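Asks: Kindly generate the corresponding structure for this input.
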Amino acid sequence: MSAQAPAAPSIPGRAPGAPQIPALPPLPPLPALPQFSAVPQAPTVPQAATVPLCKNCKSRPAYVDRSTVPFSTHDFCGRTCANTYIVSGKTV
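Replies: Sure thing, here's the model as predicted:
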């Protein structure tokens, strides 16, 4: 008697004697998840570009027109401060 290789298990829908499909290589391991600290951290806020203060109220930043490139900065924070400045006759 001669030793024969064991028969491959039959796959439903496959013709007997059809070539075998090679096994797929193993998947790589999943990347490690980031580690989180139980202590809350202060969020990092990007530094904003310096915008001059309003000429009238001197407490709010002047309006920045973002429709132009480069952005243009106006002298006032809004229409109310601009009108008040004009009516008051300030020169500075």
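Asks: Okay, strands next: where are they in the protein?
Replies: Counting by DSSP state E, the chain has strands at residues 64-65, 72-73.
Asks: Turn those strands into JSON lines, including mean neighbour count, mean pLDDT and distance to P52.
Replies: No exception for glycine: its C-beta is placed from N, CA and C like everyone else's. Shown next, in JSON lines, are the strands of the chain (neighbours: other Cβ atoms under 10 Å; pLDDT from 0 to 100; distance: least, Cβ to Cβ, whole Å):
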{"stretch": "strand 64-65", "mean neighbour count": "11", "mean pLDDT": "83", "distance to P52": "10"}
{"stretch": "strand 72-73", "mean neighbour count": "12", "mean pLDDT": "82", "distance to P52": "6"}
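Asks: I'd like the ones you listed as JSON lines, with distance to K58 appended.
Replies: Converted to JSON lines, the strands of the chain look like this (distance: least, Cβ to Cβ, whole Å):
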{"stretch": "strand 64-65", "distance to K58": "17"}
{"stretch": "strand 72-73", "distance to K58": "15"}
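Asks: Identify whichever of those lies nearest to P26.
Replies: strand 64-65 (55.6 Å; Cβ to Cβ).
Asks: Can you list the strands that that closest one pairs with?
Replies: strand 72-73 (antiparallel) (DSSP bridges).
Asks: ok, residues contacting the partner strand?
Replies: V51, P52, A62, Y63, V64, D65 (Cβ atoms under 8 Å, 6 or more residues apart in numbering).
Asks: For burial, what's the neighbour tally of the second one?
Replies: For P52, the tally of surrounding residues (other Cβ atoms under 10 Å) stands at 12.
Asks: ditto for the fourth one
Replies: Residues lying near Y63 (other Cβ under 10 Å) number 18.
Asks: Give me the number of neighbouring residues for the nearest residue to it once chain neighbours are set aside.
Replies: Nearest non-adjacent residue to Y63, counting by Cβ to Cβ, 6 or more residues apart in numbering: H74, 4.4 Å away. Residues within reach of H74, counting by other Cβ under 10 Å, total 15.
Asks: is it true that H74 touches R60?
Replies: No - applying Cβ atoms under 8 Å as the test, H74 and R60 come out as separate, 11.8 Å apart.
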